[in-house]
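Colleague: got a sequence here, can you build the structure:
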Amino acid sequence: MSTVRITYRKSAIGYAADQKRTLAALGLKRLNQTIEHEATGSIRGMVYKVRHLVAVDGLPADTPAGVAALAAAASDAAEAAQA
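Modeller: Here you go, the predicted structure:
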């Protein structure tokens, strides 16, 4: 499967508790921390929920380029699953 690198870029102070729990579920604890996950549907959904707080593969997740990077990881994962 394809992996996606997620970086915690903006503090969750002032945001809803469910977004803070989503960051914790992704394994993000500190600002500028980067983690790698398989590009599964659940991970992509969690990243989409906190896209204003994270970056995907070095691109802000709430920009068109970041969304495209996440979609590319999804298509890579789908191709790998079919093979």
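Colleague: need the pLDDT of the spatially closest residue to K49 that is not a sequence neighbour.
Modeller: Leaving aside its chain neighbours, K49 sits nearest to T22 (5.2 Å; criterion: CB to CB, 6 or more residues apart in numbering). No exception for glycine: its C-beta is placed from N, CA and C like everyone else's. Here, the pLDDT recorded for T22 equals 97.
Colleague: show me what the host helix or strand of T22 is packed against.
Modeller: When secondary structure is defined by DSSP states H and E, T22 falls within helix 17-26. Other helices and strands packing on helix 17-26, by 3 or more CB pairs under 8 Å, 6 or more residues apart in numbering; DSSP states H and E, are helix 41-49.
Colleague: what number of residues lie near the residue nearest to K49?
Modeller: T22 is flanked by 21 other residues according to other CB atoms under 10 Å.
Colleague: related to what we said a few turns ago, the helix or strand just after the helix holding T22 pairs with which strands?
Modeller: Going down the chain from helix 17-26, the next helix or strand is strand 34-38, by DSSP H and E. Partner strands and pairing direction for strand 34-38 (DSSP bridges) are strand 3-8 (antiparallel).
Colleague: who touches the partner strand?
Modeller: 23, 26, 28-39, 43-44, 47, 53-58, 69-70, 73 (CB atoms under 8 Å, 6 or more residues apart in numbering).
Colleague: go again with 6 Å.
Modeller: 28, 31, 33-39, 54-55, 57, 73 (CB atoms under 6 Å, 6 or more residues apart in numbering).
Colleague: just the angle between it and helix 17-26, please?
Modeller: For strand 3-8 against helix 17-26, the angle by axes from the mean of the first three to the mean of the last three CA atoms, to 10 degrees is 130 degrees.
Colleague: how about strand 3-8 as PDB, C-alpha atoms only?
Modeller: The C-alpha trace of strand 3-8 is given here as PDB (Å, rounded to 0.1, in the frame of the first residue of the first chain):
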ATOM      1  CA  THR A   3       1.900   5.700   2.500                       C
ATOM      2  CA  VAL A   4       1.200   9.300   3.300                       C
ATOM      3  CA  ARG A   5       3.300  11.600   5.500                       C
ATOM      4  CA  ILE A   6       1.200  13.800   7.800                       C
ATOM      5  CA  THR A   7       2.700  16.800   9.500                       C
ATOM      6  CA  TYR A   8       1.000  18.700  12.400                       C
END
